[in-house]
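In: Below are the sequence and a predicted model; questions follow.
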Amino acid sequence: DKDEILIAKGLAKFYKIGIGDTLIFIGQGYHGSSAAGKFSISGILDLKNPQLNKQYVMTSVQAVQRFVGADDITSALVLATENSNKELIIAEEIKKKLNPELYEVMTWQEMMPEIQQLIQADQAGDMIFIGILYMIISFGIFGTILMMTQERMYEFGVLLSIGMSRFKIIKVIVLESFFLAILGLAAGISLIMPVIYAINRNPIYMGDQMADAMEDYGFVPELITSTSWQIPLNHTIVLLIITMFLTIYPIWVIGKLNPINAMKK
């Protein structure tokens, strides 16, 4: 509750000031009154957003209320939810409890629709890219299952000839495919997660030309990876489902296999 501010690093660089210096603010206060105040700088902010870094200043609510002469009055309140997936539900619940003639409740999508559209376009491109990757991976998995089946035709023929049921052979093939997929996915995650954590701690700069373009849109010109385990777990589940679906081929082959023809091959 002091007249101190945190100033964004771009603004600090523009004014050539640092911690301990003082900025004077002049503006319009509550009900058209004049507002003026001196604020000492207690810290420098790096907001990771080029536009905000050029104009952002942060201080306490009490200091701003004193500055504009509006004690105990707040013009806007931002709520940060623990689960972003429930923000629409939370907004609707708040709307029911407040007078709509006095208060307006908005989600960030309603306040910034252009950002929402940009995110949706980016997600659509990501889905196409992921779909192509899944197709490539699926062909690789199918090739492995195909070779594993065709190279063991003689073995299957012998097992059927000595009285082993087709169901048990199918069960063995399905379990082998499942454990091969688990081992492959575990190895992939083990190899890539250290790289992901390294890039997260040391972001990759995108280059001058791309950096200028990204800053124009208000984004940080750095490639920063997410360390959330939910992402590899989701892909693991999808690839396991694809693997189990592709085991339809060996099941079909064993189901119609003729032991004599298999052993001749």
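Out: Okay, I see it.
In: Local confidence estimate at K86?
Out: If you check K86, the pLDDT there is 83.
In: would T225 count as being in a helix?
Out: No: with DSSP: H, G, I helix; E, B strand; the rest coil as the criterion, T225 is located in coil rather than a helix.
In: can you pull the contacts of it?
Out: Taking CB atoms under 8 Å, 6 or more residues apart in numbering, we find T225 in contact with 196-197, 199-200. Just so you know, the C-beta spots here come from the backbone N, C-alpha and C atoms, and that holds for glycine as well.
In: and if we set it to 7 Å?
Out: 196, 199-200 (CB atoms under 7 Å, 6 or more residues apart in numbering).
In: Kindly supply the ChimeraX command isolating those of those residues that are buried.
Out: Burial among the contacts of T225 is assessed by 16 or more other CB atoms under 10 Å; the matching ChimeraX selection reads:
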select :196,199
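In: Helices - which of the contacts of T225 land there?
Out: Secondary structure from DSSP state H places 196, 199-200 of the contacts of T225 in helices.
In: for those residues, which one is nearest I254?
Out: Comparing these against I254 with CB to CB picks out I196 as the nearest, at 39.8 Å.
In: Please state the backbone phi and psi of the residue nearest to that closest one when sequence neighbours are not counted?
Out: Nearest residue to I196 in three dimensions, chain neighbours excluded: T225, at 4.6 Å (CB to CB, 6 or more residues apart in numbering). Here is the backbone geometry of T225 (degrees, to the nearest 10): phi -90, psi 150.
In: swap in I5?
Out: Here I5 shows phi and psi, under degrees, to the nearest 10, equal to phi -130, psi 160.
In: contacting residues around it?
Out: For I5, the contacting residues are 23, 39, 41-42, 57-59, by CB under 7 Å, 6+ apart.
In: Select from these every entry located in strands.
Out: Counting by DSSP state E, those place 23, 39, 41-42, 57-58 in strands.
In: now the residues you listed: which count as buried?
Out: 23, 39, 41, 57.
In: in which helix or strand would I find F142?
Out: Element membership for F142 (DSSP states H and E) is helix 113-150.
In: so what does that helix touch, helix or strand wise?
Out: helix 230-246, helix 248-255 (3 or more CB pairs under 7 Å, 6 or more residues apart in numbering; DSSP states H and E).
In: contact partners of stretch 170-189?
Out: By CB under 7 Å, 6+ apart, stretch 170-189 touches 145, 232, 236, 239-240, 243-244, 247, 250-251, 254.
In: Let's see that with 10 Å instead.
Out: Residues outside stretch 170-189 that contact it (CB atoms under 10 Å, 6 or more residues apart in numbering) are 137, 140-141, 144-145, 148-149, 152, 156, 159, 164-165, 196, 229, 232-233, 235-237, 239-244, 246-255.
In: hang on, F67 packs against T59?
Out: Yes: if you go by CB atoms under 10 Å, F67 and T59 touch, sitting 8.4 Å apart.
In: tell me what the helix or strand bottoming out on mean pLDDT in the chain is packed against?
Out: None of the helices or strands of the chain scores lower by mean pLDDT, DSSP states H and E than helix 208-216, at a mean of 70. Helices and strands touching helix 208-216, as assessed by 3 or more CB pairs under 10 Å, 6 or more residues apart in numbering; DSSP states H and E, comprise helix 50-53, strand 222-223.
In: Can you lay out these as a markdown table showing mean pLDDT?
Out: As requested, the helices and strands packed on helix 208-216 are exported to a markdown table (pLDDT from 0 to 100):
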| stretch | mean pLDDT |
| --- | --- |
| helix 50-53 | 78 |
| strand 222-223 | 78 |
